[in-house]
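> Test case, fold it:
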Amino acid sequence: MKQLTKTLSLAGAAIAVTASTLGAGATPAFAASRDGVCNSGEFCYYYNSGEAGSISDFTGSIADYGTTQPGCYDFKGAGAGKGLCIKNNAASVWNRSTKTVRVYFNSSYGGTYQSIAAGAKANLNATLKNNNASHQFVTASSTACSTSGLGDPRTCSGAVAWANDHLGSTSLGTGTCDHVVALAYGWSSSGSHDAYLHWTQVPSTYKHAGDRSVPAGGLAFFSGGSQGYGHVMLSLGGGSFASTDVGTDGRYHAGRYGKTTIATIESSFGEHYLGWTQPWFKVNH
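From the prediction side, this is the model:
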């Protein structure tokens, strides 16, 4: 259980912070401008899950949060956690900036990371919850689909070509979404029982939770469904996706392979968008 420490006043913290103890790219003036309120344009950490507890707000990337008072970046908002250093103490985030923000396991933007899309709220995943060491603002285009090190028979562009060639097909079955994305990448099966299980098996290195800017070839995952199996579809780029059980209007149509969007799946299938992953398949790991 997290231990609360004595809250430092904003004035005291601002005086004590020096350039030598701030993260890369930050200044004392920048630190002093943080007010513990998640304003438009900011990326915010929360001490508790579900965007609860004290807030620590940022407008730029930070490579090193520091680990001790009075020189660390801390939680400044009211509530549980106020005054604690944020390193390895955050449980959820709200990205109110216009860029994707990556939360990293290590300082200096190292190790595994979780991508938080512009405007998204998210709990940090099991790897990063209370293990956050740095964060970086990135443009959506900086993360592309890649099969590097994954051993997929087809490249990202090859999978997209396969999907486009099969749009309109009625021979791929019903409820076969996880199987079909594997077919697109040249596998005979995904190695996972269902889409949601597939999502949970993907290493955090290849995951972008909450990020809706899915590059062509990326796999977009959802949770929910009548049996809890979720859904997965392949990005065609530009916000379009190839999906099983989708008709010409992009909405649910059993047995047809069609083109749709994340928002349409949310409304038509009634499922919750989780994020996207690189083309990692259990069958090869």
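
> contacts and neighbour counts: CA atoms only from here.
Fine.

> now the chain, which segments are flagged as low pLDDT?
Counting by pLDDT under 70, the chain has low-confidence residues at 1-33, 139-142.

> And the residue nearest the centre of it?
In the chain, the centroid-proximal residue (Cα atoms, centre = their mean) is A209; its distance is 2.2 Å.

> hang on, it packs against G275?
Yes - counting by Cα atoms under 8 Å, A209 sits close enough to G275 to count as a contact (4.2 Å).

> still on that earlier bit, could I get the contacting residues of the residue nearest to the centre of the chain?
Residues in contact with A209 (Cα atoms under 8 Å, 6 or more residues apart in numbering) are Q114, S115, I116, A122, L274, G275, W276.

> Now rank those residues by neighbours and give me the top one.
Counting neighbours by other Cα atoms under 10 Å, S115 leads the contacts of A209 with 30 neighbours.

> That residue in helix, strand or coil?
For S115, the secondary structure call by DSSP: H, G, I helix; E, B strand; the rest coil comes out as strand.

> Look up how far S188 lies from it.
Distance from S115 to S188, counting by Cα to Cα, to the nearest Å: 29 Å.

> need the strands for the chain, in chain order.
For the chain, the strands defined by DSSP state E cover 43-48, 52-58, 92-95, 100-106, 110-116, 121-123, 134-138, 207-209, 219-223, 231-237, 240-243, 258-260, 272-277.

> I would like the residues contacting the last one, please.
Surrounding strand 272-277, the residues in contact under the criterion Cα under 8 Å, 6+ apart are 199, 202, 206-212, 214, 218-224, 262, 266.

> what ranges do the helices span in the stretch 101-250 of the chain?
156-166, 177-184, 195-201 (DSSP state H, counting those that start in this stretch).

> other SSEs contacting the shortest one?
Think helix 195-201. helix 177-184, strand 219-223, strand 231-237 (3 or more Cα pairs under 8 Å, 6 or more residues apart in numbering; DSSP states H and E).

> Just the residues contacting the longest one, thanks.
Okay, so that is helix 177-184. Against helix 177-184 from outside (Cα under 8 Å, 6+ apart): 154, 158-160, 162-163, 172, 188-190, 192, 194-195, 198, 219, 231-234, 243-244, 281.

> Could you do the last one as well?
Defining contact as Cα under 8 Å, 6+ apart, one finds that strand 231-237 is touched by 160, 163-164, 177-178, 181, 195-196, 214-225, 241-244, 271.

> and with 7 Å instead?
With Cα atoms under 7 Å, 6 or more residues apart in numbering as the test, strand 231-237 has contacts from 160, 177-178, 181, 195-196, 214-223, 241-243.

> Which of those residues are buried? Put it as a ChimeraX command.
Selection of the buried residues among the contacts of strand 231-237 in ChimeraX, burial being defined by 16 or more other Cα atoms under 10 Å:
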select :160,177,178,181,195,196,214,215,216,217,218,219,220,221,222,223,241,242,243
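
> picking that back up, please determine how far the residue nearest to the centre of the chain is located from A161.
Distance from A209 to A161, by Cα to Cα: 25 Å.

> what residues are up against G36?
Counting by Cα under 7 Å, 6+ apart, G36 touches I55, S56, D57, F75, K76, G77.

> if you set the cut-off to 8 Å instead, what comes out?
Here G36 is in contact with S54, I55, S56, D57, F75, K76, G77, A78 (criterion: Cα under 8 Å, 6+ apart).

> Of those, select the buried ones using a ChimeraX command.
Buried residues within the contacts of G36, by 16+ other Cα under 10 Å, are selected in ChimeraX with:
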select :54,55,56,57,75,76,77
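
> Tell me the one among the contacts of G36 nearest to N88.
F75 (11.9 Å; Cα to Cα).

> roughly how far apart are the closest one and I265?
37 Å.

> same check, this time on N125
N125 sits 23 Å away from I265, taking Cα to Cα as the criterion.

> more neighbours, these two?
I265 (21 against 16).

> which residues touch the more buried one?
G250, R251, Y252, E271.
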